[in-house]
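Engineer: predicted model, plus sequence, below.
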2 protein chains.
Amino acid sequence: MMMNEKVLIVEDDFDIQSILKNYLEDAGYQLVFAADGVEGIARFNEKISLVILDIMLPKIDGFGVCEVIRSKSDVPIIMLTALADEKSQLKGYAGKIDDYIPKPFSAKILLCKMEAILRRRRVSDEGEELLYKNLKMDLTGHHVFCDGTEVILTQKEFELLKIMLENKGKVFTRQMLLDRIWGIDAYVEERIVDSHLKNLRKKLSSSYIKTIRGVGYRIDEEK
Amino acid sequence: MMMNEKVLIVEDDFDIQSILKNYLEDAGYQLVFAADGVEGIARFNEKISLVILDIMLPKIDGFGVCEVIRSKSDVPIIMLTALADEKSQLKGYAGKIDDYIPKPFSAKILLCKMEAILRRRRVSDEGEELLYKNLKMDLTGHHVFCDGTEVILTQKEFELLKIMLENKGKVFTRQMLLDRIWGIDAYVEERIVDSHLKNLRKKLSSSYIKTIRGVGYRIDEEK
DNA sequence: TGGATTTTTTAATATTTCTTCATTTTTGTT
DNA sequence: AACAAAAATGAAGAAATATTAAAAAATCCA
């Protein structure tokens, strides 16, 4: 329902583009790339729900792009700043950008910040609830109800269910789930996902979570 | 006659600070000063009963500060606006701020407006009570009753209970509670929350406050 | 100031959750 | 049907987190 968020990435460094592509696409985002300021402005539209903006850019720099986008939209903007960039420059933008991340940055931290910002935005929009068949997840209160009666989930179980419900119809490989829940630097067995999934299935006493043999897991879209 | 009301003044102009200091302290207010937006946000906490906010501020402008404070509190906010500030800008904040005063302003008028706002608030607070099962919180009188007999809570315990009762059903992480009660610049251990919570639970001799392991604490909605 | 109260820190203990691994079951292929 | 590969299961030890209690520090008040 809320997924398929489109993210505009304005960045000329191909390596960074590529890192973001791998990481953020795994996390379920749709990406739009622009390699310079002019392209960044051109590619921006109403469907973009978040912008990641490098400061050093060809043609028009990040601040310029920020100004233009801000003049027509309140979309969240995260700036990528090299150490060399003047902090003082950034200060003027305290109100205009939502966050900034100094390079070199960890993709995990970027993802965390993105999710925090998008979640905040979402919260103010609507009460955070995920509904699926006889299930109800109350994200604010951290409750899960199955046919109206509460089911107590552990943290991992909760996150597993949340991610899959937020992306119904999408297959998650074990590695993707590990990345998103345990973090990319976690050093654990892949099979641990199976283990938590087993417990989750048992607690929900349902077979909503399908196994895609050789690939991973999926919760089907509610037809 | 009323108790020491704390007023947070976010203003970088030293002259204005000094005028306010003289005038408002004489009127019996306790003042907390912040010279820029970041400091303003940091200094804000549950004990502040009114905020005076300049629009033009270093680091984060008054609107930004307003957003942040509003996101966690209904404290009255009065904006100080220079003539140059766009009136249109203010319009967007019609619901969010309680009043505004154009600069240059007379301290006397400011004081009048403050008292009016605080009086209004007090009236609506009058007899303000939070009820939950066998608990009664009298916010005006700072009393807590459990089955009719008073329980003496410390300040921290009181605020902890108040915030959680005002947001029944919502999980608070330790960090969220620290931010709201201690202020975001507090440098204390997260575990201090556990500690006060333990005492609170003991005094209330109840298990209303649920632990969400790995997340935080919550008081369930009265079904 | 000095004693009392509150707040914070610390550390030991208890509890829950996570992880691993060996075993069983299922699935897909020949 | 038999085999191999993948996934599910169950159980036990390891790790993380929460609860206590008690001591230290800070604050408040007379």
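Structural biologist: Structure received.
Engineer: tell me the domain ranges of chain A?
Structural biologist: Per automatic domain parsing, the structural domains of chain A span A:6-124, A:129-219.
Engineer: quick one: mean pLDDT for the longest one?
Structural biologist: Translated: domain A:6-124. Average pLDDT, domain A:6-124: 76.
Engineer: ok, now stretch A:172-181?
Structural biologist: Rounded mean pLDDT across stretch A:172-181 is 88.
Engineer: let me know whether the host helix or strand of A:V68 sits next to chain B.
Structural biologist: Following DSSP states H and E, one finds A:V68 within helix A:62-72. No - using C-beta under 8 Å from any C-beta of the partner chain, helix A:62-72 stays clear of chain B, coming no nearer than 13.0 Å. (Each C-beta comes from the backbone N, C-alpha and C, glycine too.)
Engineer: and the pLDDT for A:A186?
Structural biologist: For A:A186, pLDDT reads 76.
Engineer: tell me the secondary structure for it?
Structural biologist: coil (DSSP: H, G, I helix; E, B strand; the rest coil).
Engineer: against chain B, how distant is it?
Structural biologist: 15 Å (C-beta to the nearest C-beta, to the nearest Å).
Engineer: now the helix holding A:V68, how far from the centre of its chain.
Structural biologist: Centroid separation between helix A:62-72 and its chain, computed with C-alpha atoms, centre = their mean, to the nearest Å, is 23 Å.
Engineer: so for it, what gets flagged as buried?
Structural biologist: A:G62, A:F63, A:V65, A:C66, A:I69 (16 or more other C-beta atoms under 10 Å in any protein chain shown).
Engineer: stretch A:146-153 too?
Structural biologist: Residues of stretch A:146-153 classed as buried: A:V151, A:L153 (neighbour count, 16+ other C-beta under 10 Å).
Engineer: end to end on it, go ahead and measure it.
Structural biologist: The first residue of stretch A:146-153 is 11 Å away from its last residue (C-alpha to C-alpha, to the nearest Å).
Engineer: and the contacts of it?
Structural biologist: A:N134, A:L135, A:H143, A:V144, A:F145, A:L161, A:L200, A:K203, A:L204, A:S205, A:S206 (C-beta atoms under 8 Å, 6 or more residues apart in numbering or on different chains).
Engineer: closest one of these to DNA strand C?
Structural biologist: Closest approach between these and DNA strand C, by C-beta to the nearest atom of the strand: A:L200, at 9.8 Å.
Engineer: phi, psi for the residue nearest to that closest one when sequence neighbours are not counted please.
Structural biologist: Excluding its sequence neighbours, the residue lying closest to A:L200 (C-beta to C-beta, 6 or more residues apart in numbering or on different chains) is A:E157, at 4.6 Å. With angles defined as degrees, to the nearest 10, A:E157 shows backbone torsions of phi -60, psi -40.
Engineer: correct me, but A:E157 touches A:K203?
Structural biologist: Yes - between A:E157 and A:K203 there is a contact at 6.9 Å, judged by C-beta atoms under 8 Å.
Engineer: the longest strand in chain A is where?
Structural biologist: For chain A, the longest strand by residue count, based on DSSP state E, is strand A:48-54.
Engineer: that one packs against which elements?
Structural biologist: Strand A:48-54 is packed against strand A:6-10, helix A:62-72, strand A:77-81, helix A:107-125, with contacts defined by 3 or more C-beta pairs under 8 Å, 6 or more residues apart in numbering or on different chains; DSSP states H and E.
Engineer: 6 Å instead?
Structural biologist: Taking 3 or more C-beta pairs under 6 Å, 6 or more residues apart in numbering or on different chains; DSSP states H and E as contact, the helices and strands that strand A:48-54 lies on are strand A:6-10, helix A:62-72, strand A:77-81.
Engineer: what's the closest of these to A:G216?
Structural biologist: Among these, the nearest to A:G216 by C-beta to C-beta is strand A:6-10 (22.8 Å).
Engineer: ok, and what's touching the closest one?
Structural biologist: A:20, A:29-34, A:40, A:43-44, A:47-53 (C-beta atoms under 6 Å, 6 or more residues apart in numbering or on different chains).
Engineer: quick revisit: sheet partners, orientation included, of the longest strand of chain A?
Structural biologist: strand A:6-10 (parallel), strand A:77-81 (parallel) (DSSP bridges).
Engineer: quick check: phi and psi on the residue in chain A sticking out farthest from the centre?
Structural biologist: For chain A, the largest distance from the centre (C-alpha atoms, centre = their mean) belongs to A:T149, which lies 29.8 Å off. Per-residue torsions, A:T149: phi -100, psi 140 (degrees, to the nearest 10).
Engineer: what's the spacing between it and chain B?
Structural biologist: To chain B, A:T149 is 12 Å away according to C-beta to the nearest C-beta.
Engineer: is that residue in a bridge, and if so with what?
Structural biologist: With DSSP bridges as the criterion, A:T149 is bridged to A:C146.
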